[in-house]
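[1] sequence and predicted structure below; questions after.
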Amino acid sequence: MKQITFLLLFFTATHLFADVEKGKAVYAANCAICHTVNGGRAIGPDFNIVSYTRTKEEIAQYAKDPYSLYEKFGYSANAMPTLPLEDEEFKDVADYISSLQPFKKWMIKKKS
């Protein structure tokens, strides 16, 4: 039983890592021109902040159809273009952005 549980966890983790790596490639090819990771200056918000303030589903939906959520996110207008990506690529980039969340948790200032 322990072996089956281990194998299931291994294959799940391997699949998730693969999606994150695919998403990182999608980010580099399509998003990096407007969005930073780990700080920097860009037109769009840093993806560490996005990872902390939005769900993976919201990230994928917004990337796929930026006009669908811009008001919900507090933007007065939408500057993000519609990207010509496949559904799986939107999911992969959302996996990548969501995977950045632990970094953001580390940066939260401790309350005194």
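    Right, received. Where do you want to start?

[2] so what does the residue nearest the centre of the chain look like in phi/psi?
    The C-alpha lying nearest the average C-alpha coordinate of the chain belongs to I97 (Cα atoms, centre = their mean; 1.9 Å). The phi/psi pair for I97 (degrees, to the nearest 10) reads phi -60, psi -40.

[3] count of residues packed around G44?
    By other Cβ atoms under 10 Å, the residues close to G44 number 13. No exception for glycine: its C-beta is placed from N, CA and C like everyone else's.

[4] go ahead and confirm it touches M80.
    Yes. Proximity of G44 to M80 meets the contact threshold set by Cβ atoms under 8 Å, at 6.7 Å.

[5] how about the helices in the protein?
    2-30, 47-53, 56-64, 87-99, 101-107 (DSSP state H).

[6] worst average pLDDT in these?
    For the helices of the chain, mean pLDDT drops lowest on helix 101-107, to a mean of 59.

[7] give me every residue that touches the nearest residue to L69 once chain neighbours are set aside.
    Among residues not flanking L69 along the chain, Y62 sits closest, at 4.7 Å (Cβ to Cβ, 6 or more residues apart in numbering). Going by Cβ atoms under 8 Å, 6 or more residues apart in numbering, Y62 touches 54, 68-70, 73, 80.

[8] mind putting these in CSV, neighbour count, pLDDT and distance to A28 included?
    Shown next, in CSV, are the contacts of Y62 (neighbours: other Cβ atoms under 10 Å; pLDDT from 0 to 100; distance: Cβ to Cβ, whole Å):
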residue, neighbour count, pLDDT, distance to A28
R54, 21, 90, 20
S68, 12, 90, 24
L69, 16, 89, 23
Y70, 16, 87, 24
F73, 14, 86, 23
M80, 17, 88, 17
